[in-house]
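Trainee: Based on what follows, work out the 3D shape:
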Amino acid sequence: MAAALLAGAMACRRPEKPGAAAPPPAKPTPAAALRFDEKAQAIGIDFVHINGARGQKWMPETMGGGVAVLDYDGDGRPDLLFVSGAWWPGDPRAASQKSSLALYHNEGNGPDGLPRFRDATREAGLRRTFQGMGAAVGDYDNDGRPDVYVTAVGRNFLFHNAGGRFEEVSGKARVRDSGWGTSAVWLDYDGDGLLDLFVCRYVDWSPKTDLFCTLDGKTKSYCTPERYPGTSSHLYRNLGNGCFEDVTRKAGLWNVNQKALGAAAWDVNGDGRPDLFVSNDTAPNNLYRNRGDGTFEDVAVEAGVAVDEAGRSRGSMGAAWGDTRNGKGATLAVGNFSNELKSLYWTETGDVFLDESPRSGVGSSSLLSLTFGLFFFDADLDGRLDLFLANGHVEPSVQEVQKTVTYRQAPVLYRNLGDNRFAAATGGDLATPIVGRGAVYADLDGDGDLDIVVVENGGPARVFVNRLDRPDESVRVRLVGTDRSNRDAIGARVTARIGSRSLTSQVSGGESYLSAPEKTLTFGLGGARRIDSLEIRWPDGRRETLGTLAGGTLRTVTEGSGAAPAPSPPR
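Mentor: A predicted model of the protein is given here:
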């Protein structure tokens, strides 16, 4: 949900000015080879999200679900976990729903080169029904198996991976939480080698506290988040014994003015500690700087990322970080409501951020879209990070009162042209309008390029297979931490040197909206044949440098022991 749903609500908020007219973006390199084909059904993904809508106009129905990438059985292939809502109590359709979670096992590629997936939800012990929202993946006990935290309306879940089958342990681990959970992020904020957990919470809503909102004085409409109190997100510190401690207040993160939908961690100032951005819907965003003593300081206002240039809070959804300028600072992308610019902030030092949305070519062209999931990835492997936006409105009847805004909206892929200039390269199957929510990237078919997975609110999942088909154009790196760093190496920063260029990436513990991308890092070579050197700064501060890595290779790097060829799973 965001600042306004229909014309009556939007009349209270002026459309945001796109800013000074941006110079026309340079023409992109010919993109004939850049094509994404939607193949969900063909590869065995038949997940359909349930939002529970039956005319009551309850807020969770608009928010959609997330998707997480994980190799839950350790066979070297990325599997997919989708999160759905559920039919509300009393709805006769509830009897037909098997589960709010859907786990699909990657069986390898078929004769056509496409991956094949099999529904493994039941055998993995994940059949449960609840008002699900999102998921984050992290090996919190450092046993080499990915665990999953799932957020929901009313309570959250922690699924411990016991070797291909999951056990729900949120109560025992003391992270069950309450309220309305949205995005979650794993991070080692205190540098002890154990993954901690940040959980976003949205507004204080329940069926019992639901308000009657209307635009015509008769018919109920979806309420805006301004009608409900905000709630504080929570930070849980990993104690190392299977339990967590709620350190929200102790860490300086308690904030009841939050209406958090997205979060993403990144070492903004390069001090080796993960900082945290939180995107809030109609409340100021937060940029929590890690002080290194177990506490955080919110510097969003000083940094220029809390509100828009007029001092107004935006309707902010998902968030993602990336190195879009090849080693020069970091870029933060935030998905915002329709009639608001999609935020694209860049910082060189981590102190002050410049809003480059207007000049980038993203701002004005995405003004009418409502963006939830988004992420940076190198779609064409040219050595520059591109930007993907998953779009879709929250009100099905929005076009009745706003002729230029639609409910279903096509995703948009923006190609990075250099100097933080982007140009839309949407076409083919990506041009189909959907109600996009959670979105991630992963190399599902093992061909070296990155595919896209999107959850549609109340609709089928979409899997867009990247048909670039140039395996020699990238190098992929998996990191494994030792007892000094968390096993997933979440927070590790890796810089690839390719001639005079550098590409920097960090291992993510959750980003986008309600979602978790794969943790294997992909470096596009941009026509080069190899990475000349790979510099790794591990979460514990240790630094390692590896030599030449040829294009088309996948390497597993274990902290302290250098690179080793990754096992090649059967395809």
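Trainee: wait, residue 501 sits on residue 525?
Mentor: No - between residue 501 and residue 525 there is no contact under CB atoms under 8 Å: 9.6 Å. Every C-beta, even on glycine, is put in place using the N, C-alpha and C of the backbone.
Trainee: which residues do these two both contact?
Mentor: Common contact partners of residue 501 and residue 525 (CB atoms under 8 Å, 6 or more residues apart in numbering): residue 383.
Trainee: Got the confidence number for residue 483?
Mentor: We have a pLDDT of 76 for residue 483.
Trainee: from what I can see it touches residue 193, true?
Mentor: Yes - the pair residue 483 / residue 193 is scored as a contact, 6.3 Å apart, by CB under 8 Å.
Trainee: Between residue 501 and residue 525, tell me which one has more neighbours.
Mentor: residue 525 (27 against 15; other CB atoms under 10 Å).
Trainee: check contacts around the more buried one.
Mentor: Counted by CB under 8 Å, 6+ apart, residue 525 has contacts 381, 383, 472-475, 498, 531, 551.
Trainee: pLDDT and neighbour count added to those residues, as JSON lines?
Mentor: Formatted as JSON lines, the contacts of residue 525 follow (pLDDT from 0 to 100; neighbours: other CB atoms under 10 Å):
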{"residue": "381", "pLDDT": "97", "neighbour count": "27"}
{"residue": "383", "pLDDT": "96", "neighbour count": "23"}
{"residue": "472", "pLDDT": "94", "neighbour count": "14"}
{"residue": "473", "pLDDT": "96", "neighbour count": "23"}
{"residue": "474", "pLDDT": "97", "neighbour count": "26"}
{"residue": "475", "pLDDT": "97", "neighbour count": "27"}
{"residue": "498", "pLDDT": "96", "neighbour count": "23"}
{"residue": "531", "pLDDT": "97", "neighbour count": "25"}
{"residue": "551", "pLDDT": "97", "neighbour count": "21"}
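Trainee: strands paired with the helix or strand containing residue 556, and their directions?
Mentor: Using DSSP states H and E, residue 556 sits in strand 554-558. The pairing partners recorded for strand 554-558 under DSSP bridges are strand 474-480 (parallel), strand 562-565 (antiparallel).
Trainee: Lowest average pLDDT across those strands?
Mentor: strand 562-565 has the lowest average pLDDT among these, namely a mean of 62.
Trainee: And the helices in the stretch 51-200 of the chain, which stretches?
Mentor: 170-173 (DSSP state H, counting those that start in this stretch).
Trainee: Show the low-confidence segments of the protein, by residue range.
Mentor: 1-33, 562-571 (pLDDT under 70).
Trainee: any idea which residue sits dead centre in the chain?
Mentor: By CA atoms, centre = their mean, the chain has its centre lying nearest to residue 512, at 1.9 Å.
Trainee: so that one sits right up against residue 320, yeah?
Mentor: Yes - contact criterion CB under 8 Å: residue 512 and residue 320 qualify, at 5.8 Å.
Trainee: shared neighbours of the two, which are they?
Mentor: Counting by CB under 8 Å, 6+ apart, the common neighbours of residue 512 and residue 320 are 264, 374-375.
Trainee: Now render those residues as TSV, adding distance to residue 113.
Mentor: TSV is the format used below for the shared contacts of residue 512 and residue 320 (distance: CB to CB, whole Å):
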residue	distance to residue 113
264	32
374	28
375	24
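Trainee: Show the buried residues in those residues.
Mentor: Among the shared contacts of residue 512 and residue 320, those classed as buried by 16 or more other CB atoms under 10 Å are 264, 374-375.
Trainee: Using JSON lines, lay out those together with distance to residue 345 and secondary structure.
Mentor: Below are those laid out as JSON lines (distance: CB to CB, whole Å; DSSP: H, G, I helix; E, B strand; the rest coil):
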{"residue": "264", "distance to residue 345": "12", "secondary structure": "strand"}
{"residue": "374", "distance to residue 345": "13", "secondary structure": "strand"}
{"residue": "375", "distance to residue 345": "15", "secondary structure": "strand"}
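Trainee: Now do the contacts for the residue nearest to the centre of the chain.
Mentor: 66, 262, 264, 318-320, 373-375, 438-440.
Trainee: How about the secondary structure of residue 208?
Mentor: Of the three states, residue 208 takes helix according to DSSP: H, G, I helix; E, B strand; the rest coil.
Trainee: And for it, the neighbour number?
Mentor: Neighbours of residue 208 using other CB under 10 Å come to 5.
Trainee: before we move on, what about residue 368?
Mentor: If you count neighbours by other CB under 10 Å, residue 368 ends up with 17.
Trainee: That one falls within a strand, correct?
Mentor: No - using three-state DSSP, the assignment for residue 368 is coil, not a strand.
Trainee: Got phi/psi on it?
Mentor: phi -80, psi -10 (degrees, to the nearest 10).
Trainee: was I right about it contacting residue 337?
Mentor: No - counting by CB under 8 Å, residue 337 is not a contact partner of residue 368; they are 10.4 Å apart.
Trainee: Isn't residue 329 up against residue 347?
Mentor: Yes - here residue 329 reaches residue 347: they are 5.2 Å apart, a contact under CB under 8 Å.
Trainee: pretty sure residue 135 is touching residue 517, no?
Mentor: No - applying CB under 8 Å, one finds residue 135 not in contact with residue 517, separated by 11.5 Å.
Trainee: okay, the two: which has more neighbours?
Mentor: In this view residue 135 and residue 517 are compared by other CB under 10 Å, and residue 135 has more residues nearby, 28 against 24.
Trainee: Identify the bridge partners of that one.
Mentor: Under DSSP bridges, the beta-bridge partners of residue 135 are residue 150.
Trainee: Quick check: it vs residue 514, distance?
Mentor: Distance, residue 135 to residue 514, by CB to CB, to the nearest Å: 7 Å.
Trainee: related to what we said a few turns ago, Provide the backbone phi and psi angles at the residue nearest to the centre of the chain.
Mentor: phi 60, psi -130.
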